[in-house]
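# please work out how this folds:
(chains A, B, C and D)
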Protein chains: 4
Amino acid sequence: MACLKFVQNCWSSTIAKGASLVHLGSCLTQHLLSGHDGNVLSSLKLLAARPGYLKTSLPIEKRHLNNHKAMHGGVLLSLTDTVTSLALSTQGIPAPTGVSINISCEFVRPGGTESSELIGIGEVVQRGKTLAYTRVSFYTPEPESKLVAFGSHTKHMGKNVPVTKFSEDGETELGLESHDGRKDRAKL
Amino acid sequence: MACLKFVQNCWSSTIAKGASLVHLGSCLTQHLLSGHDGNVLSSLKLLAARPGYLKTSLPIEKRHLNNHKAMHGGVLLSLTDTVTSLALSTQGIPAPTGVSINISCEFVRPGGTESSELIGIGEVVQRGKTLAYTRVSFYTPEPESKLVAFGSHTKHMGKNVPVTKFSEDGETELGLESHDGRKDRAKL
Amino acid sequence: MACLKFVQNCWSSTIAKGASLVHLGSCLTQHLLSGHDGNVLSSLKLLAARPGYLKTSLPIEKRHLNNHKAMHGGVLLSLTDTVTSLALSTQGIPAPTGVSINISCEFVRPGGTESSELIGIGEVVQRGKTLAYTRVSFYTPEPESKLVAFGSHTKHMGKNVPVTKFSEDGETELGLESHDGRKDRAKL
Amino acid sequence: MACLKFVQNCWSSTIAKGASLVHLGSCLTQHLLSGHDGNVLSSLKLLAARPGYLKTSLPIEKRHLNNHKAMHGGVLLSLTDTVTSLALSTQGIPAPTGVSINISCEFVRPGGTESSELIGIGEVVQRGKTLAYTRVSFYTPEPESKLVAFGSHTKHMGKNVPVTKFSEDGETELGLESHDGRKDRAKL
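Below is the predicted model:
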């Protein structure tokens, strides 16, 4: 669970940005005052995480629909951005993880209706010093698991580097090894 | 102005979906009850339209930002979807205009900060019986007009056909010609 | 092997186009007289096929290199087109299988050097009446199997329909069932 | 013409790679011995160049066709790669200009038939220290000039920097200015 907890913290801090402005008036909600992630994806659930892999679920709400009453392409694309960015955090990189170069998405089937859920699987394909390549696939809920859409997201990582790392199954935080073998997370 | 008015009506009807649910409680706003377009892009301004061309401006608000305090990629992608779909309406096609096959976007420069504006130019590249190809480019405000991002959106048009048409400059509604030369919009 | 043989026939007929013009002069080879597939990908090997899945291998030759002496992006993109199109043939559709709407490719690692091989896995993600969505991934040879590039290809199928079908493992040709249960491949 | 000459030299050196191996046998042509650019695009003509802009023409030959007897998608994609890479050379950067991150292409209309020509316009959208964003559009010959396809190509520039520069109209080579104002191309 260590990896999932780390990513959950990244996600909580992302959607919490703006929360300090809440309660300016009785009618203003965090929803209105947060950034795009909080506004659109605040209900996103992180289900499972291991290095390079993240499974999520989005309960589909009215705010996610287009004028066909189906999932808006902009929501699938926002998820493509956000789920793959969080997938980079499974490798111990705190949010924000670099800047976007390119995002694309193929829309295969209608993306579900209100009150259903949309499963998103984000994967880190390759992460080098400068560039990170990620992919995402979206499915209808299990057991049907039909592919709804798939996309890719390539990022420029800049100075965003891991501050820790996790075991292959994501269960254990291993930390970063210093040259003499001790954990040196505190030094970063 | 005829073309711009037609597209404005398409846009107003798109973001109004859900408005009938407003006022369930004194604190619930249309914002919370509308679909994705109303939730994210309700402040989008349509500046100019002629057949195959649409110019828009989005005042950048807190709800559009990511955790870098820059425009979220998901907003640029939502705009890619919506501005190109509205660009199809400049050809006399009411919203909704078909379903998305593919959307992609290249992120060239940071997309502006709060209180700035983002200019979006949507273009219809080709529209056949089944498929429509569109492009979009995003700029910082004039006179600087630096390219922020550019993308494409390919749609399957299904049964979405023009109900009217406009003069090349977009000023005049020409309607659809029937075989004997009369306007026959009413028949559609 | 039935599925693999069917796809092999599709591929042979594709690269053979132009072969009738061979021997105009003693120096002219099929290579010079064939279309793009024969010119660039004549050495492509089909390794395994089952409905919706095709595994290929390309021996990397001098004609595939760019001026870095690495695989040219244009070869990876030509493979993206061709391997995914052949993947559609695993569903019993003879070549040519529809027309391209969109092709994209992400280049993750250098694509191998001369005398190495490039493994390509093509998959049919979804095929409806009008549209087919496919994906491809390219790898270095086993056992390393590092991801070199990945891409997608969306096609408009037009009148390209299956003339037969295969068992899930690709071993057996099942043919198309007529309404009274008999095979009716001859009728198509 | 200075800019066009510079790019022409870049292109000649690119397709000449391998030429030293010609004449191993009387039947072996450069065509067979060159890399992908020489194999597929040796007939590409460079028509006009200024910084950030390159106009090309490809005479369509049998080797460019698919099994529909139309331009193969792989040729359009190879052109997308090559024409945009050469467009970067209009900014005084010798070939090879960086490595590809992403290439995509939308296929709008059939890309011409044998003996016709395909016009390609490559543009540099933005070039920073690390990344270069380019676009390409393909047209049928003038005066019709119908859009056949359009694409984008994003590259990682690595150590590929300009060795000279040209006037806005591409007519005059300006060279690089040293700090005291003299041209210092020789120092590079």
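
# the helix ranked longest in chain A near chain C anywhere?
Longest helix in chain A, counting residues (DSSP state H): helix A:73-89. No. Counting by C-beta under 8 Å from any C-beta of the partner chain, chain C has no neighbours in helix A:73-89; the shortest distance is 12.1 Å. The C-beta positions use only the backbone N, C-alpha and C, and glycine is treated the same way.

# ok, and does that helix reach over to chain B?
Yes. Helix A:73-89 lies within reach of chain B by C-beta under 8 Å from any C-beta, at A:73-75, A:77-82.

# want to throw those into a markdown table with pLDDT and neighbour count?
Output for the residues of helix A:73-89 next to chain B, formatted as a markdown table (pLDDT from 0 to 100; neighbours: other C-beta atoms under 10 Å in any protein chain shown):
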| residue | pLDDT | neighbour count |
| --- | --- | --- |
| A:73 | 95 | 26 |
| A:74 | 96 | 28 |
| A:75 | 97 | 28 |
| A:77 | 97 | 30 |
| A:78 | 97 | 29 |
| A:79 | 98 | 27 |
| A:80 | 98 | 30 |
| A:81 | 97 | 29 |
| A:82 | 97 | 29 |
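
# and whichever helix or strand comes after the longest helix of chain A, what does it pack against?
With elements assigned by DSSP states H and E, the helix or strand that comes after helix A:73-89 is strand A:99-107. Counting contacts by 3 or more C-beta pairs under 8 Å, 6 or more residues apart in numbering or on different chains; DSSP states H and E, strand A:99-107 is packed against helix A:73-89, strand A:147-156, helix B:73-89, strand B:99-107, strand C:99-107, strand D:99-107.

# how about a cut-off of 7 Å?
Strand A:99-107 is packed against helix A:73-89, strand A:147-156, helix B:73-89, strand B:99-107, strand D:99-107, with contacts defined by 3 or more C-beta pairs under 7 Å, 6 or more residues apart in numbering or on different chains; DSSP states H and E.

# and the angle from the third one to strand A:99-107?
Here helix B:73-89 runs at 50 degrees with respect to strand A:99-107, directions being taken by axes from the mean of the first three to the mean of the last three C-alpha atoms, to 10 degrees.

# helix B:73-89 near chain A anywhere?
Yes. Contact of helix B:73-89 with chain A is found when judged by C-beta under 7 Å from any C-beta of the partner chain, involving B:73-75, B:77-78, B:81-82.

# tell me the contacts of the residue minimising distance to the centre of chain A?
For chain A, the residue nearest the mean C-alpha position is residue A:83 (2.7 Å; C-alpha atoms, centre = their mean). Shown in contact with residue A:83 (C-beta atoms under 7 Å, 6 or more residues apart in numbering or on different chains): A:54, A:56, A:120, A:122, A:136.

# wait, isn't residue A:150 in contact with residue A:123?
No. Counting by C-beta atoms under 7 Å, residue A:150 stays clear of residue A:123, with 10.6 Å between them.

# which of these two has more neighbours?
Set residue A:150 next to residue A:123 and count neighbours by other C-beta atoms under 10 Å in any protein chain shown: residue A:150 wins out with 23 against 17.

# ok, and the closest non-adjacent residue to that one?
In space, residue A:150 comes closest to residue A:137 once its chain neighbours are excluded; the distance is 4.5 Å by C-beta to C-beta, 6 or more residues apart in numbering or on different chains.

# from memory residue A:140 sits against residue A:120, does it?
No. Shown here, residue A:140 and residue A:120 do not form a contact pair, counting by C-beta under 7 Å, at 11.5 Å.

# of these two, which one has the most company?
Comparing residue A:140 with residue A:120 by other C-beta under 10 Å, the one with more neighbours is residue A:120, at 28 against 18.
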